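J.: attaching a predicted model along with its sequence, questions to come.
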Amino acid sequence: MSLFRGKPKISGMIVQNCTIYLYTDECGYCNLHRSDDLSFNKDKTELPDIKFEHTRLIVENKSQNSYHDIDMDYLSSHLDQMDSGFVFRIEMKSLIHSIGFNMDRGSYLKEKSLQGIFDLIFYPGNKLEFNNINLNIDQQPFVLNGNIYFLNEPVSYDLDIKTKKILYQKATGLLTQSLLQKTSTYRYPGAF
């Protein structure tokens with residue numbers, strides 16, 4: 001009906017078969033322009049549902065030496081408002097090529113599958129919170145809890161990851177290359 005009123009509202013967006021490359025150089029220049037007046041306002045915020053199908057997302061930050069590369073077979077996001085923030089309901093099936101916070105040390109989850117349905121709670125200008133997220137990482141069930149704090153510079157976080165009955169080799173395969181080398185001298189015959 002908004003189309004007939006002359007003020008169309010976008011209720012959903014589908015991104016298919018593409019690569020999104022977000023790059024920040026050593027001087028802080030970023031190829032994604034962010035508007036300074038963009039803010040989350042309870043009365044005005046109406047973000048569309050977003051779906052990514054067969055889309056690769058690469059986020060590279062040279063000044064922080066970080067590199068994230070995710071191949072999303074499917075990712076669906078729906079936004080719900082709450083009193084003090086927003087709930088993102090996410091369903092995803094993806095392949096992680098790299099999650100690297102300091103590429104000198106290597107990347108986590110290299111060439112590992114990631115699948116799950118979960119909620120993220122965003123408190124604008126403050127933090128992103130996730131509680132009891134059930135994810136299958138490399139076909140192994142994990143439960144994640146944590147927060148990402150945006151008020152701190154640099155951004156800080158706390159993270160709690162749990163799983164049961166995982167083979168030692170499978171667990172260490174989720175680590176960075178430098179951590180994998182340090183743990184490769186240890187052998188553990190079964191699951192822990």
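T.: Nice, thanks for sending it over. Numbering: from 1, shown residues only.
J.: chain neighbours aside, what residue packs nearest to residue 88?
T.: Nearest non-adjacent residue to residue 88, counting by CB to CB, 6 or more residues apart in numbering: residue 120, 4.4 Å away. Just so you know, the C-beta spots here come from the backbone N, C-alpha and C atoms, and that holds for glycine as well.
J.: the one you found against residue 127, yeah?
T.: No - contact criterion CB atoms under 8 Å: residue 120 and residue 127 do not qualify, at 10.6 Å.
J.: quick revisit: quick one: contacts for the residue nearest to residue 88?
T.: 87-88, 90, 128-130 (CB atoms under 8 Å, 6 or more residues apart in numbering).
J.: out of the residues you listed, which one sits closest to residue 167?
T.: Nearest to residue 167 among the contacts of residue 120: residue 130, at 25.8 Å, using CB to CB.
J.: and for the closest one, the neighbour number?
T.: Residue 130: 17 surrounding residues under other CB atoms under 10 Å.
J.: for the helix or strand in which it is found, which strands pair with it and how are they oriented?
T.: Counting by DSSP states H and E, the element that carries residue 130 is strand 127-137. Note on strand 127-137: by DSSP bridges, its sheet partners are strand 112-123 (antiparallel), strand 140-149 (antiparallel).
J.: which stretches of the chain form strands?
T.: With DSSP state E as the criterion, the chain has strands at 12-24, 49-61, 66-81, 86-102, 106-108, 112-123, 127-137, 140-149, 156-162.
J.: determine which of those strands approaches residue 169 most closely.
T.: strand 140-149 (11.8 Å).
J.: CA atoms of the closest one as PDB?
T.: The C-alpha trace of strand 140-149 is given here as PDB (Å, rounded to 0.1, in the frame of the first residue of the first chain):
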ATOM      1  CA  GLN A 140      29.900 -30.000  16.200                       C
ATOM      2  CA  PRO A 141      27.200 -28.400  18.500                       C
ATOM      3  CA  PHE A 142      28.400 -25.400  20.500                       C
ATOM      4  CA  VAL A 143      26.700 -22.900  22.900                       C
ATOM      5  CA  LEU A 144      27.900 -19.300  22.800                       C
ATOM      6  CA  ASN A 145      27.400 -16.500  25.300                       C
ATOM      7  CA  GLY A 146      28.900 -13.100  25.300                       C
ATOM      8  CA  ASN A 147      29.000  -9.300  24.700                       C
ATOM      9  CA  ILE A 148      30.800  -7.000  22.300                       C
ATOM     10  CA  TYR A 149      31.300  -3.500  23.900                       C
END
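J.: where does this structure have low pLDDT?
T.: Within the chain, the segments meeting pLDDT under 70 span 1-4, 33-46, 186-192.
J.: so residue 62 sits against residue 22, correct?
T.: No - using CB under 8 Å, residue 62 makes no contact with residue 22, being 11.9 Å away.
J.: which residues are in contact with residue 77?
T.: Shown in contact with residue 77 (CB under 8 Å, 6+ apart): 49-51, 88-90.
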